[in-house]
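Chemist: Here is my input, please return the structure:
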Amino acid sequence: MAAVLGSLKGARATDATRHVRFGNVEPALVALLRQLDPLLVVLLLFGWVLALGEQFTHEVLGAGLLSFILTAAIFARASSRDQLRGHSRRSSYSRIFFHWSAVVAALLFLGFAFKVSADFPRSVMLTWFVTTPFLLSAAHALRLRTRWVLVNSPTASRYLIIGVNNLGFELRRRLPEAGFLGFFDFRSADRVSPLLEADGLTGHCRDVANFARTHNVKTIYVTLPLSNVPRIGEMMRELRDTTASIYFLPDVFAFEMIQGRLIDINGIPALSVCETPLLGMNAVVKRAFDVVAAGLALLAAAPLLTLIAVAVKVSSPGPVLFRQGRYGLNGERINVFKFRSMTVCEDGPVITQATQNDTRVTPLGRFLRRTSLDELPQLLNVLQGKMSLVGPRPHAIAHNEQYRKLISGYMTRHKVRPGITGWAQVNGLRGETDTIEKMSARVRYDIEYLDNWSVWLDLRILMQTVLLLIRKDRNAY
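Modeler: Predicted coordinates for the structure are as follows:
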């Protein structure tokens, strides 16, 4: 017994030290070229100082150091994200200009904040700001060309794909033509041939180790489903007698992912299938924007809020503010504020949605609802941390309980705080959802918002909301 316990403890200690590192497989030359961006930025700044006959002041040297740090941080993160998402070449160039604009904005902010902007040579700085993204784009084009030459050269790595399935086909599409030696599978040729178009089955998995040795295969990609784990393990043991690099690709396309990302849990890789976009600094930026914008909006709208409150009070009997229970972040119950626009204040297990020409809506309430002025008190909810300026619109709890049973993934929309306005609303899905199809469409837009969230998307939604209010959205009643 003691021996068994000792062996178990040893196994646990060994397992505890095992971990997986995150990295990439790009060629060394391409990796080196990628690290040159911050250096190119600084060199171009110093080049323009010399070309325009200016002096190397402490301010210029400080700008060079700051730009090096900012470029290294912003462009490195953007590069990793672009690799994972597979952005197109045109999109990559536009992102270079966008991210350089972020660097410039940060430098200008610091310059004005510390009141040193007047100490910089304006001709140098303006020329540098304008020409840098073109230099970075040229460097990016050089990287792309270098990578293409390396992966398509006659000496390119020879590789196999084990697994005739959708994941294997998708991987084949993304890998270079040069060096591909074919597909292997546990199934026979007559079973997989109908699935293959241009590329035929090269062989059976039992022969892959011998094939890899005789054909000098450098890389093997395994895209087999996890149901084949025992046979995959046996094949892996045989492949240890080769010098090929082996990569196992889980079929991530089998899931409908929301904020899909690779994460590291204490050395163990994990795939996020459904996650909130508001983690880390994203959460800080979103909350800071909400607090500042909502605070300023409340100050600016204080006189208007007072006038509306008085008008609601004198125009019909009842409270000024209407509080209704909704689901907030992670499905927690919150109370949402609105100016009362109806003769009733429903907040029970059964709630009737407002319809066009609804007799319960007061004359003043009809104007408030059409202009969305009844939503202004929700700025208080934003400051409380219960809501956000932009997010999925909160539905009454009664409607939540109804639709969560009818629409798959309905509750996923609560992975972020509900918003005063949202992606669904600016895409024509504001107002009554009298059919399951309308609510399903609204939920699809909400999930799309979660999967694509960014500060710029929030700003876009806010601007579109303003335009809708100016045009008087016909779905608001």
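
Chemist: quick one: pLDDT of the residue lying closest to residue 301 once chain neighbours are set aside?
Modeler: Computed as CB to CB, 6 or more residues apart in numbering, the closest residue to residue 301 that is not its neighbour in sequence is residue 376, at 6.1 Å. In this view, the C-beta of every residue, glycine as well, is placed from N, C-alpha and C. pLDDT, residue 376: 89.

Chemist: Can you report how many residues neighbour residue 376?
Modeler: 20 (other CB atoms under 10 Å).

Chemist: List the single closest residue to residue 136 in space, sequence neighbours excluded.
Modeler: residue 96 (5.1 Å).

Chemist: let me fix that: residue 54
Modeler: Nearest to residue 54 is residue 121, by CB to CB, 6+ apart, at 4.4 Å.

Chemist: need the contact list for the one you found.
Modeler: Counting by CB atoms under 8 Å, 6 or more residues apart in numbering, residue 121 touches 49, 52, 54-55, 60.

Chemist: Now the two most distant members of those residues.
Modeler: Spanning the widest gap among the contacts of residue 121 are 52 and 60, at 11.4 Å by CB to CB.

Chemist: list residues touching both of these two?
Modeler: Shared contacts of residue 52 and residue 60, counting by CB under 8 Å, 6+ apart, come down to 121, 124.

Chemist: which of those two has more neighbours?
Modeler: residue 60 (21 against 12).

Chemist: element containing the more buried one, please.
Modeler: Residue 60 is located in helix 58-85, with elements delineated by DSSP states H and E.

Chemist: just checking, next helix/strand downstream of that helix?
Modeler: As assigned by DSSP H and E, the chain's next helix or strand after helix 58-85 is helix 89-113.

Chemist: And the next helix or strand past that following helix?
Modeler: For helix 89-113, the following helix or strand on the C-terminal side (DSSP H and E) is helix 122-152.

Chemist: For the helix or strand following that next one, give me every contacting residue.
Modeler: Remark: after helix 122-152, the chain's next helix or strand is strand 159-162, criterion DSSP H and E. Identification of contacts with strand 159-162 by CB under 8 Å, 6+ apart yields 168, 171-172, 175, 179-185, 202, 205, 208, 211-212, 217-224, 235.

Chemist: Sort out for me which of the residues you listed are in helices.
Modeler: Counted as lying in helices by DSSP state H, out of the contacts of strand 159-162, are 168, 171-172, 208, 211-212, 235.

Chemist: Can you pick out the most distant pair from those?
Modeler: Longest span within the ones in helices among the contacts of strand 159-162, CB to CB: 172 and 235, 19.4 Å.

Chemist: Please say which of these two ends up with more neighbours.
Modeler: residue 235 (21 against 18).

Chemist: so the more buried one makes contact with residue 208?
Modeler: Yes - here residue 235 reaches residue 208: they are 6.6 Å apart, a contact under CB atoms under 8 Å.

Chemist: Next, the nearest residue to residue 372 once chain neighbours are set aside: secondary structure please.
Modeler: Nearest residue to residue 372, sequence neighbours excluded (CB to CB, 6+ apart): residue 469, at 5.9 Å. Following DSSP: H, G, I helix; E, B strand; the rest coil, we place residue 469 in the helix state.

Chemist: Would you check that residue 469 makes contact with residue 371?
Modeler: Yes - Residue 469 lies in contact with residue 371 (CB under 8 Å); the separation is 6.4 Å.

Chemist: if we can go back for a sec, what about the residue nearest to residue 136, how many neighbours?
Modeler: Residue 96 has 21 nearby residues by other CB under 10 Å.

Chemist: who's in contact with it?
Modeler: With contact taken as CB under 8 Å, 6+ apart, residue 96 is in contact with 133, 136-137, 140.

Chemist: Same check on residue 421?
Modeler: Residue 421 is in contact with 389-390, 393, 461-462, 465, counting by CB under 8 Å, 6+ apart.

Chemist: Could you list which of those belong to strands?
Modeler: Counting by DSSP state E, those place 389-390 in strands.

Chemist: quick one: which of the contacts of residue 421 is nearest to residue 336?
Modeler: residue 393 (9.9 Å).

Chemist: Show me where the stretch 201-350 of the chain has its helices.
Modeler: Secondary structure of the stretch 201-350 of the chain, counting by DSSP state H, counting those that start in this stretch: helices at 208-214, 229-239, 281-315.

Chemist: Revised request: answer the last question for the stretch 351-477 of the chain.
Modeler: 363-371, 378-384, 397-403, 436-451, 455-471.

Chemist: Distance to residue 38 and mean neighbour count for those - can I get that in TSV?
Modeler: Formatted as TSV, the helices of the stretch 351-477 of the chain follow (distance: least, CB to CB, whole Å; neighbours: other CB atoms under 10 Å):
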stretch	distance to residue 38	mean neighbour count
helix 363-371	49	18
helix 378-384	38	20
helix 397-403	49	17
helix 436-451	31	19
helix 455-471	23	14
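
Chemist: Looking at these, which is nearest to residue 150?
Modeler: helix 436-451 (33.2 Å).

Chemist: What lies in contact with that closest one?
Modeler: 257-259, 276-277, 391-393, 403, 406-407, 409-410, 412-413, 415-416, 422-424, 427, 429, 432-433, 457.

Chemist: filter those residues to the buried ones?
Modeler: If you count burial by 16 or more other CB atoms under 10 Å, the buried members of the contacts of helix 436-451 come out as 258-259, 276-277, 391-393, 403, 407, 410, 412-413, 415-416, 422-424, 427, 429, 433.

Chemist: Which of those residues fall within strands?
Modeler: The members of those all map outside strands under DSSP E.

Chemist: need the contact list for residue 416.
Modeler: Residue 416 neighbours (CB under 8 Å, 6+ apart): 276-278, 329, 388, 391-392, 450, 453.
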